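> give the three-dimensional model of this entry:
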Amino acid sequence: MALNWYMHLEPTQICSWKDLVAAFVKQYEYNDDNVLDRFQLQNMEKNESETFKEYALRWREIAAQVEPPLHDKEMVAIFINTLQSPFYKHMMSSVS
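Numbering: from 1, shown residues only. A predicted model of the protein is given here:
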C-alpha cells in the first residue's frame, strides 16, 4: 500500500526529504490509533466476494500490522483457524 501511495505522489509536491517525511506521516498517521491485536486477526473471515488468494493477501497485510509482531508458526496457526470449509479441509489435508 505504501509503495502504491509513493508511486502516485505528485513530484511537484515533494522537493526534499522533509517534504516526503511530512507527506508520509500525514498519509499514515491514522495507523497509530489502529494497532491491531491477535484477537481481531483471529476473528477475520473471508468475504463471499473475494477469492481465497485475495483473502490470504488481505489477511497477511493485516497480520503484518499486529503488535507485538507474530512469529511464523503463530501466524500460520491463526490463519488456518480463520478458514471455513472447504478451505480449512483443503489446508489441513495439504499439511498432513
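
> residue contacts, the residue nearest in space to the middle of the chain?
Geometric centre of the chain, nearest residue: residue 61, 1.4 Å, by C-alpha atoms, centre = their mean. For residue 61, the contacting residues are residue 1, by C-beta atoms under 8 Å, 6 or more residues apart in numbering. The way it works is simple: take the backbone N, C-alpha and C, and place the C-beta from them, glycine included.

> which SS state does it fall under?
helix (DSSP: H, G, I helix; E, B strand; the rest coil).

> show the pLDDT at it.
Predicted confidence (pLDDT) for residue 61: 89.

> got a list of what residue 28 touches?
residue 2 are the contacts of residue 28 under C-beta under 8 Å, 6+ apart.

> how far away is it from residue 21?
11 Å (C-beta to C-beta, to the nearest Å).

> same deal with residue 74?
33 Å.

> higher neighbour count, these two?
Between residue 74 and residue 21, counted using other C-beta atoms under 10 Å, residue 74 has the larger neighbour count: 14 against 11.

> host element of the more buried one?
helix 72-82 (DSSP states H and E).

> please apply the same query to residue 48.
Per DSSP H and E: nothing holds residue 48, as it lies in no helix or strand.

> next helix or strand past the host helix or strand of residue 26?
For residue 26, the element it lies in under DSSP H and E is helix 17-28. Next helix or strand after helix 17-28 toward the C-terminus (DSSP H and E): helix 38-42.

> pull out the buried positions in that following helix.
For helix 38-42, the neighbour count (16 or more other C-beta atoms under 10 Å) marks residue 41 as buried.

> how close does residue 41 sit to residue 49?
In terms of C-beta to C-beta, residue 41 sits 20 Å off from residue 49.

> kindly report the same for residue 65.
For residue 65 relative to residue 49 (C-beta to C-beta), the value is 23 Å.

> more neighbours: these two, which one.
residue 65 (14 against 6).
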